[in-house]
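>>> Have a look; sequence and predicted model below, questions after that.
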2 protein chains.
Amino acid sequence: VTLRAKASAGRLDGKMREKTLTMDTLNPQVKAVEYAVRGPIVLKAGEIERYLEEGGTKPFSEVIKANIGDAHAMGQQPITFLRQVVALCTFPELMDSPSFPEDAKWRARRILQGCGGHSLGSYSASPGVECIRKDIAAYIEQRDEGVPSDWENIYLTTGASDGIMTILRLLVSGKDSSRTGVMIPIPQYPLYSAAISEMDAVQVNYYLDEDNCWALDINELHRAYQAAKQHCQPRVICIINPGNPTGQVQSKKCIEEVLHFAYEENLFVMSDEVYQDNVYAPDCQFHSFKKVLYEMGPEYFSSVELVSFHSTSKGYTGECGFRGGYMEVINMDPEVKAQLVKLLSVRLCPPLAGQAAMDVIVNPPQPEEHTFKQFHQEKSSVLGALAEKAKLTEQILNSVPGIKCNPVQGSMYAFPRIFIPPKAVEEAKALGMQPDMLYCLRLLEETGICVVPGSGFGQKDRTYHFRMTILPSIEKLNVLLGKVRDFHISFLKEYSGLEWDEI
Amino acid sequence: VTLRAKASAGRLDGKMREKTLTMDTLNPQVKAVEYAVRGPIVLKAGEIERYLEEGGTKPFSEVIKANIGDAHAMGQQPITFLRQVVALCTFPELMDSPSFPEDAKWRARRILQGCGGHSLGSYSASPGVECIRKDIAAYIEQRDEGVPSDWENIYLTTGASDGIMTILRLLVSGKDSSRTGVMIPIPQYPLYSAAISEMDAVQVNYYLDEDNCWALDINELHRAYQAAKQHCQPRVICIINPGNPTGQVQSKKCIEEVLHFAYEENLFVMSDEVYQDNVYAPDCQFHSFKKVLYEMGPEYFSSVELVSFHSTSKGYTGECGFRGGYMEVINMDPEVKAQLVKLLSVRLCPPLAGQAAMDVIVNPPQPEEHTFKQFHQEKSSVLGALAEKAKLTEQILNSVPGIKCNPVQGSMYAFPRIFIPPKAVEEAKALGMQPDMLYCLRLLEETGICVVPGSGFGQKDRTYHFRMTILPSIEKLNVLLGKVRDFHISFLKEYSGLEWDEI
């Protein structure tokens, strides 16, 4: 009571307590972070959804969220076998149930044997459960046709994002006198720019070649590097292959060029390969950076520092909610590796259910197992539908005047170029927003379709895009693309009378 | 091939490629991080375990890991009901199984209805699944006897560590001209010191009073604050209640004093309450910071910025591997809150299985439900055993000459003071290690018991401690404590002949 009286008295004397944490005192690096995939447009979509739920009316009955690679939210079914293994690990009493296949049971038993107290409720070692790390290494060796993989180079992560942030944390110090440059593709997945802002590194953009199916051009890498050297020390290059948001699949030759460049310029290589199972174009093939490095010979394979990231969230499983993933770390200085383990240990460990899910992905049913047929059917069905939707999306978008879409060779996204009339560009500028933000807001409000403006990923000046996922069902995707077409045509009409903005 | 030739040629000319990331170029803030709970002593324990597995011999047959609060790894059984709900969410086909109780099924159905596509494989909103946030708010209201809780103030996290790091990230900028001071108890859980190092904040120590059962003394807070103001801007105070590693439970009066202090000095309050269900001493009771703040009156309740953290990893569930947790954020500036949501969105969302586990903890079986009896038995059995082990640990340790242990009122740890003879202190110094590190290494090598030196948590100069968990089974704990006693006596004998180090 005395304290209370004292406080009231103090404040009544005019000394109002101010907030400690305000926009003025907030860490400015947090303020600088942008993350368009869940940005303002998605908040707006949520508002509209609630409005519809509460009985409000709009020219549409539902919001279609094509903003994020969230497969199950768009109706994709889980792979039965994966869920069986994770359920068995979660509730081992199910081992006695005849309705669970033996193939799933032995995997679950093996995972649990690797867990403290044989429970998914124990912490694992910070780099992950040992037998899962070994399964991942074996999987990589098989994927890369014999290129050796050491399980002690494998670190489980909480989704790929966590791994990417951790590796960047090692490389970037906010206090560097010569600041660290991080080379990223433009367009990019905005985790990269967000991490760079948060860590106060220097973002070094290299532009992908839209006119050449978003290919990575080695001359552009040289240009970006030389320009950056004027004001920072570029130390790391990030590549996303297959591309996000751009959907291209890199050629082997291109990967060789990138690795040679990294070798020559002493760059650390971060290769985001979470879409490695998502390749649809018949003339494209996924080449891992590691395998290409190996094939370039021992001078390269024994020296270039390379981290590759993978995830349970994409591929044919789409298990985003499990937050599973791993990274393979090649040629890292052993002392630095000890520091990496120390840093990981502060966060204790990645979620065990996500680790178990990752294990199924790298150790799926084999042809001689009873579960193979169903597993294979489910996997093919998901990947087949994605390939069909990739094609459909490209075709319909390219049929619209003023939209141009590169082939969706892989990943889960189309990133079409949209031509926005100068009058609309002016209007957006007057509103203080990017022209493609205006476009996407109007698209959302008029059709209920939620896509992300290209400005959230980066793009060449005076070009405009949006990113949409190809995840809705064929039926829904057809509806969505039809609505985009109609909207685009009416948008052009509305702002016509002036010439379109150049290029 | 041309590239390869070019590279070989270049390198043969003497230009050896250096590593990009070395101990010299590593982010110095990462280098500064220490995390004793998984530090050198635990690595050593792992080595010894492997040695034993490979048939090596030691004076003991197994390593007992009492270094980390990892309940299931020490044999604690999961709460059946929690695992049933998570398994149902993971594999909804089990909804048809008669062997799962209806009480679990309706909870799982409700959680899945809150998930995109009714799947645990979807991303949730970044702050978590809405119905789980609502359940948490209802739980807090009940726990705090009616003090209102707004579900929009609840944010699910990836374990409590993730939430603590995120909130500190908002408060700390590495580039501040007036650097941010973070007040933490000493001894502390080393996540705090690790986060402070990683973010380049200033660690402001306030010492808990060992002679008074590790109570928090308000005069010491004032001392620490005034001293820190000379060289930094203290902006946040962290409290761990019940204490880790110290096991004390704070009195209501003490919490009032802390909150009044924070109110007067405009400090942001971070209250680590992950052991709120782990109170064993009959004369102690858990008081939430939020409830105490409420009872102090509206001047306080409407102004002090307070975040409270909770977790699935501790309590009676011990579900560390699920990486579940939440934080309740009170009085945060609304604009800052939007920044918090943005920052969380970059990491997408906490693992859904952990969110589901958290939901069961805040929404457990009620007396009228069929599952209540078994749930209640399991819960009481875990908490009863912990209370017994807390008592046993204190008693046996205090029976050893040269060991003094405060009552383990709560949490899962004893943090006994150990008297180390001057000769041993000198020997440790000669080896360049802390005396209690020497002690713990010897204990590990001679008995197989793995505990963490007090120096990893912080302690007053010239006092030495170790932290041990009370998690082993009663039988094992008896063996462990007997071995500690024998080791301690022989250690004292070995280094006797000189007086013991002062205090």
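Structure received.

>>> most centrally placed residue in chain A?
Nearest to the mean C-alpha position of chain A, by Cα atoms, centre = their mean, lies residue A:189 at 6.0 Å.

>>> Strands of the stretch 201-350 of chain A, start to end?
A:202-207, A:233-240, A:268-272, A:306-311, A:325-330 (DSSP state E, counting those that start in this stretch).

>>> Format the ones you listed as a markdown table; extra columns: distance to chain B and mean neighbour count.
C-beta coordinates here come from the backbone N, C-alpha and C atoms, glycine included. Below are the strands of the stretch 201-350 of chain A laid out as a markdown table (distance: least, Cβ to the nearest Cβ, whole Å; neighbours: other Cβ atoms under 10 Å in any protein chain shown):
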| stretch | distance to chain B | mean neighbour count |
| --- | --- | --- |
| strand A:202-207 | 14 | 20 |
| strand A:233-240 | 6 | 23 |
| strand A:268-272 | 4 | 27 |
| strand A:306-311 | 10 | 26 |
| strand A:325-330 | 10 | 25 |
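
>>> Columns distance to residue A:89 and mean pLDDT on top of the ones you listed, output as CSV?
Output for those, formatted as CSV (distance: least, Cβ to Cβ, whole Å; pLDDT from 0 to 100):
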stretch, distance to residue A:89, mean pLDDT
strand A:202-207, 40, 96
strand A:233-240, 31, 96
strand A:268-272, 28, 97
strand A:306-311, 19, 98
strand A:325-330, 17, 98
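
>>> doesn't the residue nearest to the centre of chain A fall inside a strand?
No. Residue A:189 sits outside any strand when classified using DSSP: H, G, I helix; E, B strand; the rest coil, being coil.

>>> you'd agree it is up against residue A:241?
No. Judged on Cβ atoms under 8 Å, residue A:189 makes no contact with residue A:241 at a distance of 11.6 Å.

>>> list residues touching both of the two?
Counting by Cβ atoms under 8 Å, 6 or more residues apart in numbering or on different chains, the shared contacts of residue A:189 and residue A:241 are residue A:272.

>>> rewinding a little: which residue, other than its chain neighbours, is closest to the residue nearest to the centre of chain A?
In this structure, residue A:189 finds its nearest non-sequential neighbour in residue A:244, 4.4 Å apart by Cβ to Cβ, 6 or more residues apart in numbering or on different chains.

>>> do residue A:467 as well
Distances taken as Cβ to Cβ, 6+ apart place residue A:245 nearest to residue A:467, at 3.9 Å, with adjacent residues excluded.

>>> can you pull the contacts of that neighbour?
Neighbour list for residue A:245: A:187, A:188, A:189, A:411, A:413, A:415, A:452, A:454, A:457, A:465, A:467 [criterion: Cβ under 8 Å, 6+ apart].

>>> Equivalent analysis for residue A:454, please.
With contacts defined as Cβ under 8 Å, 6+ apart, the neighbours of residue A:454 are A:187, A:245, A:415, A:418, A:436, A:463, A:464, A:465, A:466, A:467.

>>> Can you pull out the low-pLDDT segments for chain A?
Chain A contains residues with pLDDT under 70 at A:1-16, A:174-178, A:497-503.

>>> what about 80?
Scanning chain A for pLDDT under 80 picks out A:1-17, A:36-39, A:173-178, A:497-503.

>>> Write out the residues of the stretch 151-300 of chain A neighbouring chain B.
A:158-159, A:161-162, A:165, A:169-175, A:191, A:194-195, A:198, A:200, A:235-236, A:256-257, A:260, A:263-264, A:266-268, A:296-297, A:299-300 (Cβ under 8 Å from any Cβ of the partner chain).

>>> filter the residues you listed to the buried ones?
A:158-159, A:161-162, A:165, A:169-174, A:191, A:194-195, A:198, A:200, A:235-236, A:256-257, A:260, A:263-264, A:267-268, A:296, A:299-300 (16 or more other Cβ atoms under 10 Å in any protein chain shown).

>>> follow-up on the earlier one: which two of the contacts of residue A:245 have the greatest separation?
Spatial extent of the contacts of residue A:245 (Cβ to Cβ) is set by the pair A:411 and A:454 at 15.6 Å.

>>> Show me how chain A divides into domains.
A:30-75+A:379-494, A:143-362 (automatic domain parsing).

>>> circling back: among the contacts of residue A:454, which lie within strands?
Cross-referencing the contacts of residue A:454 against strands under DSSP state E gives A:418, A:466, A:467.

>>> Using CSV, lay out the strands of the stretch 201-350 of chain A together with distance to residue B:28.
As requested, these are exported to CSV (distance: least, Cβ to Cβ, whole Å):
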stretch, distance to residue B:28
strand A:202-207, 18
strand A:233-240, 15
strand A:268-272, 17
strand A:306-311, 21
strand A:325-330, 21
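
>>> hmm, back to that, weed out the non-buried ones from the contacts of residue A:245.
Among the contacts of residue A:245, those classed as buried by 16+ other Cβ under 10 Å are A:187, A:188, A:189, A:411, A:413, A:415, A:452, A:454, A:457, A:465, A:467.

>>> wait, which of the strands of the stretch 201-350 of chain A is closest to residue B:288?
Within those, the stretch nearest residue B:288 is strand A:325-330; the backing value is 35.1 Å (Cβ to Cβ).

>>> Which strands or helices does the closest one pack on?
Packing contacts for strand A:325-330, counted by 3 or more Cβ pairs under 8 Å, 6 or more residues apart in numbering or on different chains; DSSP states H and E, involve helix A:130-143, strand A:154-157, helix A:159-171, helix A:289-295, strand A:306-311, helix A:352-362.

>>> Residue B:163 is in contact with residue A:347, correct?
No. The pair residue A:347 and residue B:163 fails to qualify as a contact (Cβ under 8 Å) at a distance of 11.7 Å.

>>> ok, residue A:403 to residue A:447 distance?
Counting by Cβ to Cβ, to the nearest Å, the gap from residue A:403 to residue A:447 is 15 Å.

>>> Next: residue A:419.
Going from residue A:419 to residue A:447 by Cβ to Cβ gives 19 Å.

>>> can you pull the contacts of the residue of the stretch 351-500 of chain A found nearest chain B?
With Cβ to the nearest Cβ as the measure, residue A:352 is the residue of the stretch 351-500 of chain A nearest to chain B, at 3.5 Å. Shown in contact with residue A:352 (Cβ under 8 Å, 6+ apart): A:89, A:115, A:120, A:121, A:122, A:124, A:129, B:321, B:322, B:323.

>>> Out of the residues you listed, give me the one that has the most neighbours.
Using other Cβ atoms under 10 Å in any protein chain shown as the neighbour criterion, residue B:321 leads those with 36 neighbours.

>>> Now do the buried residues in the biggest helix by length in chain A.
In chain A, taking DSSP state H as the definition, the longest helix is helix A:372-398. With burial defined by 16+ other Cβ under 10 Å, the residues of helix A:372-398 counted as buried are A:375, A:378-379, A:382-383, A:385-387, A:389-390, A:392-394, A:396-397.

>>> Which of those residues sits closest to residue B:484?
Taking Cβ to Cβ as the measure, residue B:484 sits nearest to residue A:375 out of those, at 51.1 Å.

>>> right, and the closest one touches residue A:78 too?
No. If you go by Cβ under 8 Å, residue A:375 and residue A:78 don't touch, sitting 11.7 Å apart.

>>> where does residue A:34 sit relative to residue A:113, distance-wise?
To residue A:113, residue A:34 is 44 Å away according to Cβ to Cβ.

>>> Who has more neighbours out of these two?
Set residue A:34 next to residue A:113 and count neighbours by other Cβ under 10 Å: residue A:34 wins out with 15 against 10.

>>> can you tell me the helix or strand for that one?
Residue A:34 belongs to no helix or strand when elements are defined using DSSP states H and E.

>>> ok, now which ones touch it?
By Cβ under 8 Å, 6+ apart, the neighbours of residue A:34 are A:190, A:193, A:194, A:197, A:456, B:342.

>>> Same check on residue A:126?
The contact partners of residue A:126, taken as Cβ under 8 Å, 6+ apart, are A:341, A:344, A:345, A:347, A:348, A:349, B:38.

>>> Repeat that for residue A:344.
Residue A:344 is in contact with A:126, A:127, A:155, A:166, counting by Cβ under 8 Å, 6+ apart.
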